[in-house]
Each structure stands twice: as C-alpha cells, then as structure tokens.
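>>> Model the structure of this input:
(one chain, ligands or ions: 2)
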Amino acid sequence: MKLQGTMSVKNDELYIGGISCLELAKTYKTPLYVFDEQLARENCREYVKHFKVKEHRNRVAYAGKAFLPLHMCQLIKEEGLYLDVVSGGELYTAHKAQFPMENVLFHGNNKTIDEIKMGLELGVGRFVVDNYYELDLLEQFCKERGTSQAIYLRITPGIEAHTHDYIKTGQIDSKFGFTLTNGDLYECLASFHRYEHLQLVGLHAHIGSQIFDVEPFLDEVDIMMSLVKEIKETYGIQIREVDLGGGVGVYYTKNDQPKTIQQFCEAMIEKVEKSCQKLGINVPTLIVEPGRSIVANAGSTLYTVGSMKDIKDVRTYVSVDGGMTDNIRPSLYQARYECAIVNKMRTGDQKQVTIAGKCCESGDILITDVDIKGIETGDILIIASTGAYGYSMSSNYNKIPKAAVVSVQNGKSRVICKRQTLEELLALEVL
Ligand SMILES: Cc1ncc(COP(=O)(O)O)c(C=O)c1O
Ligand SMILES: N[C@@H](CCCC[NH3+])C(=O)O
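Ligands and ions are numbered 1, 2, ... in the order given. Here you go, the predicted structure:
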C-alpha cells in the first residue's frame, strides 16, 4: 500500500497524522473513516498557488459532492476556496457552516423549485444553469423578487474522456447541460434577451471524473475560449468567467499515474493563455472545481477483519465489518483500492485474498484478489484513498448505521461526523 500524506510506519505499525491506526480503531471503533486534514489542506493550497488564485483572481471551487461535512466547509472557507454545491442539502450545509454565499456555485440538472428559491434567498453567487426549465423558473422567481441573478450556462462540449462510463459527462449523449454541437446552445443564446433578470456572466463545462490525460482538458479549454469569442461577436454578450469543471484523476493503485495538481494547473493556465492570444481575446477569470483530487488520498477507512472463508483452488474471502454501505465505488464503478493490516505493514506472510463487505449482496466486494501481509481475524484493515465519494455516497442499506469520521492532525484526533446510533437509524420512521 502506498503511503499517502502524513502516513508513516513505525515498528511495523501505521500512523496517520501522528496517531496509530490501531489506537484510532480502539478509541473510535470500526468501520471508521480517517481524515488526514493536513493533506487535504496541502492539496487546497497547491490549487490556490498553481491555479493563480491571487495573481489572476482565478477561483478554485471545491466540489462538495466528494465529501462535505460541516467541518469540510469550514476548512474550504479557511483555505480561501469557493464551493460547488449540487442540492438543497449541500447548500444548507454551506449555510450552516457560515460559508460565504457569494462564493457558492449552485449546480444540478434538475434543481427543484424549492432548491431554486432557497438558492435565491440565501444569495448564492452563481447558478450554473443546466436547461431551459431552470432558466424559466429562475427568471420568474427573480422577477417576482425584483432581483437579478448572475448565472453560468452549463455546456456539453462533446468531449469523450477516457474514464468509466458512469462518470463521463462531456459527451453529447449526456443528461447535463446545453449541447454545443447540435445547435442547442446557440438557440438558447439567440433568445437570451428574454431573460431580463438573469446576467449571463460565465460558461461552465465538466468533462468527467478520474481523468488522467491532460489532453481532453486542453481540448475543453480550446472549445470554451473559442465560444467566449463567438458569443461576444455573434450575440454581443461578454463572458467574463469560464468554469472548466473538475475531474483530475488520483492514485488509487499502482495502475494509476496521475498528474500532480501543479502539473494540471500549469498545463491549463498555459493553454488558456495561448488559446486567448491566438483568438485575440482577453483571458477570462478561470474557475476549476476539484473534488476527488483534494480529498481522495486524504481519507482512509479502518475495518475489523471478521470471518475468513478459504475456498480451495478458488479464492479466500475475508469479510470486514463495513462494505458497500461505506464505499459503493467498487460495486458501482469496479473501482480498485490498496489495503494493508495496520500493524503488519512490512511483515507477515503474503497472501492473496478478496475483501468482502457484510451486506447481503454478492456484489458487496471491496477489493477482489489483493495481495496482503499477515491477515487474520481480529486484525484492523485499512483501505487507503477512500476520502472522496466514500462517506458522501454512503447508505443505510441493510440498516447498517453510518460510520464515524475522525480527523487527525499533529498527533490529535477529533470526531467530525459521529457514528450513527441504532436510535438515529430509526429517527425518521413512524410506527
Ligand atoms: C459539475 C462537476 N464539477 C465537479 C466535479 C468534481 O469532480 P472530481 O471529484 O472528479 O474533481 C464533478 C464530479 O464529477 C461534477 O459533476
Ligand atoms: N461519484 C463518482 C464521481 C463523481 C461524479 C460526479 N459528477 C466517483 O465516485 O467516482
């Protein structure tokens, strides 16, 4: 298992943020998400520095869908990032964390009437408008309130990035945004004067998630910058802000060779400058929306090893006390992870096993056929890089309570999301 962030090994034992993982499991029980706060902050700072937030007034909007407890909102605020929310629930979290609403981008391909009204009432900085339905509702509500709202239009640029089908979003056949190549976007722009209470200040595109190649992002830059010029020339609308979305890939296993945050940002900024120079336009304010590349490697999950089933000449199943309820990604996207036993990091006999969850589903497998040292019942197993889309996609399937999240830093630990109790599990139910 590759050590990430503040992970270190002393006497064969794994530490994160200066705390022994064995100790964390004993104190907080398992399954337990461990959040390496220093690494998450360092990643934010890398984006702020290399995306030229200060020099060029660019913006980094953290994609809350990756992991958004109140504490994360607070962290994002402290690090000077903007926030991308995609539902009334995420918006409410930002509000409760006293996140500055003018720094919030409100996404979603089917915002409900209540969500749109809530966004307007709270004063979100930018609505990222996905379709005509939303444009009409926003116009109507702004008219009623006597206000005007700054918006971006979400565009489907027609870029097919190399990633899992479920997390591609830039291709034509997508539920998101106004399609560029079939004239859909141009039709909208031609009639935009109808929306008297909406100011079109920006464009948005997001080509997908867990993308390693920089080329699709660079193609996206070219498309977006050409559009800025075309929209000014054809429709007389000056686009001042261009949001290039998220999607930077991260390391999960040895097969992944991601770009660093610095490499990604430098490549994007250089491309924007070249593209704008070629087109003879001013460089707009740029926005990126990273989620995974800020938190994925900053999160790990601790489990207790339970039953072990050795099927001769087939495989050995090792079951843990969590599974698809705390990490749906292996079942949903065939995602791969690395793991280890936290006090047998370098010793013990190596064995190939399949790590299974405890849900009543054959597909509840966390890692298929993985090599691990010294695994035995009662051990504490760590699966690394579960920080993005782990807790945020967790469920109560099989009425399994949600695991706790503990933040670790400089030898101190703090619960940032409590473990759900059985009582709380039934809190919404009525006899
Ligand atoms: C619109 C939008 N922005 C940002 C993101 C964040 O992507 P990632 O976590 O891959 O950086 C997503 C998720 O794919 C998204 O749909
Ligand atoms: N949830 C996805 C990616 C986010 C998709 C959001 N558009 C994952 O775990 O990889």
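>>> Near ligand 1, which residues of the stretch 251-400 of the chain are found?
Taking Cβ under 6 Å from any ligand atom, the part of the stretch 251-400 of the chain that reaches ligand 1 is made up of 289-293, 388. Just so you know, the C-beta spots here come from the backbone N, C-alpha and C atoms, and that holds for glycine as well.
>>> Narrow these to those in helices?
292-293 (DSSP state H).
>>> Could you dump the residues of the stretch 251-400 of the chain next to ligand 1 into a markdown table with distance to Asp371 and pLDDT added?
Formatted as a markdown table, the entries for those read as follows, by distance: Cβ to Cβ, whole Å; pLDDT from 0 to 100:
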| residue | distance to Asp371 | pLDDT |
| --- | --- | --- |
| Glu289 | 36 | 98 |
| Pro290 | 31 | 98 |
| Gly291 | 30 | 98 |
| Arg292 | 25 | 98 |
| Ser293 | 27 | 98 |
| Ala388 | 24 | 98 |
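>>> Ser293 and Ser385, how far apart?
11 Å (Cβ to Cβ, to the nearest Å).
>>> Find residues that contact each of these two.
Contact criterion Cβ atoms under 8 Å, 6 or more residues apart in numbering; residues shared by Ser293 and Ser385: Val250.
>>> Next, the contact list for the residue of the stretch 1-150 of the chain found nearest ligand 2, please.
Using Cβ to the nearest ligand atom, the closest approach of the stretch 1-150 of the chain to ligand 2 is made by Lys65 at 5.8 Å. Shown here is Lys65, whose contacts under the criterion Cβ under 8 Å, 6+ apart are 84, 86, 90, 291, 389, 392.
>>> pretty sure the fifth one contacts Gly64?
What it means is Tyr389. No - under the criterion of Cβ atoms under 8 Å, Tyr389 is not in contact with Gly64, lying 11.5 Å apart.
>>> looking at it, Met268 is touching Pro290, isn't it?
No - proximity of Met268 to Pro290 does not meet the contact threshold set by Cβ under 8 Å, at 11.3 Å.
>>> can you pick the most crowded of the contacts of Lys65?
Neighbour counts for the contacts of Lys65 were taken using other Cβ atoms under 10 Å; the highest belongs to Asp84, which has 31 neighbours.
>>> residues in contact with that residue?
Residues touching Asp84, when contacts are defined by Cβ under 8 Å, 6+ apart, comprise 61-65, 104-105, 107, 128, 246, 289, 291.
>>> secondary structure element for Lys278?
Taking DSSP states H and E as the definition, one finds Lys278 inside helix 261-279.
>>> Report the buried residues of that helix.
Of the residues in helix 261-279, those buried by neighbour count under the rule 16 or more other Cβ atoms under 10 Å are 261, 264-269, 271-272, 275-276.
>>> can you check stretch 47-67 too?
Using 16+ other Cβ under 10 Å as the test for burial, stretch 47-67 gives 47-48, 50-51, 53, 58-67.
>>> And for stretch 341-356?
341-345, 348, 353-356.
>>> quick one: average confidence on that stretch?
Within the predicted structure, the mean pLDDT of stretch 341-356 is 96.
>>> same question, stretch 75-88
98.
>>> First-to-last residue distance for it?
20 Å (Cα to Cα, to the nearest Å).
>>> How far away from the center of its chain is stretch 66-78?
Average the C-alpha atoms of stretch 66-78, do the same for its chain, and the two points are 12 Å apart (Cα atoms, centre = their mean, to the nearest Å).
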